[in-house]
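S.K.: Sequence and predicted structure, then a few things I'm wondering about:
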Amino acid sequence: MATTTTMTNQRIIYQTESGGVAVIVPTGSVELALKDVPVGVPYEIVSAADIPSDRTFRNAWVIGMDGCVEHDLDQCRAIGHDKRRAARTEAFAPFDEIIAKQIPGADAAEAEAARQQIRNKYAEVQVAIDAAADPDEIKAALEATP
């Protein structure tokens, strides 16, 4: 009779069709959890410590040649740019309203000057993201903007 191992510190990982890495956390034995891996899809059994704790760039995870979870830097940059654009849009919102609605008593020139400052700030973030050598530098660039 085969024995079944229960190891809660192990994870099953596999590359998904849509990109990214699926992580299965066994609630019982690893062997029983393998039924959740799609048929024919290669998988790895790794230690929980091998899964990045920072989920900022989770959609950029890939399984590396050594079977560990790594980051696709180009995908991290794309995610970073999406976050940068969203933050910039949020920062623009109050000034866009002044300009679009031509609110009486609101100075459109001041609003446009504020918008230019926002453009400049986020242009610097864009350059920093493009120059980043790793996901931590991308994250730092994003965190530098309130």
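M.R.: All right, it came through fine.
S.K.: Can you report how many residues neighbour residue 35?
M.R.: Residue 35 has 8 neighbouring residues, counting by other Cβ atoms under 10 Å. C-betas here are computed from N, CA, C, even on glycine.
S.K.: what kind of secondary structure is it in?
M.R.: helix (DSSP: H, G, I helix; E, B strand; the rest coil).
S.K.: From residue 17, how far out is it?
M.R.: In this view, residue 35 and residue 17 are 19 Å apart by Cβ to Cβ, to the nearest Å.
S.K.: can you check residue 135 too?
M.R.: When Cβ to Cβ is the yardstick, residue 135 and residue 17 sit 23 Å from each other.
S.K.: Nearest residue to residue 59 in space, please, no chain neighbours.
M.R.: Distance criterion Cβ to Cβ, 6 or more residues apart in numbering; nearest residue to residue 59, sequence neighbours excluded, is residue 20 at 5.0 Å.
S.K.: who touches the one you found in this structure?
M.R.: For residue 20, the contact set (Cβ atoms under 8 Å, 6 or more residues apart in numbering) comprises 58-62.
S.K.: What does the pLDDT read for it?
M.R.: Note on residue 20: pLDDT of 87.
S.K.: any idea how far it is from residue 72?
M.R.: With distances taken as Cβ to Cβ, residue 20 is found 9 Å from residue 72.
S.K.: just residue 28 next, same as before
M.R.: As defined by Cβ to Cβ, residue 28 lies at a distance of 32 Å from residue 72.
S.K.: Looking at those two, which is more packed in?
M.R.: residue 72 (18 against 11).
S.K.: Tell me how far that one lies from residue 116.
M.R.: As for residue 72, its distance to residue 116 is 34 Å (criterion: Cβ to Cβ).
S.K.: Residue ranges of each domain in this protein, please.
M.R.: 10-71, 73-143 (automatic domain parsing).
S.K.: I appreciate the help and will end here.
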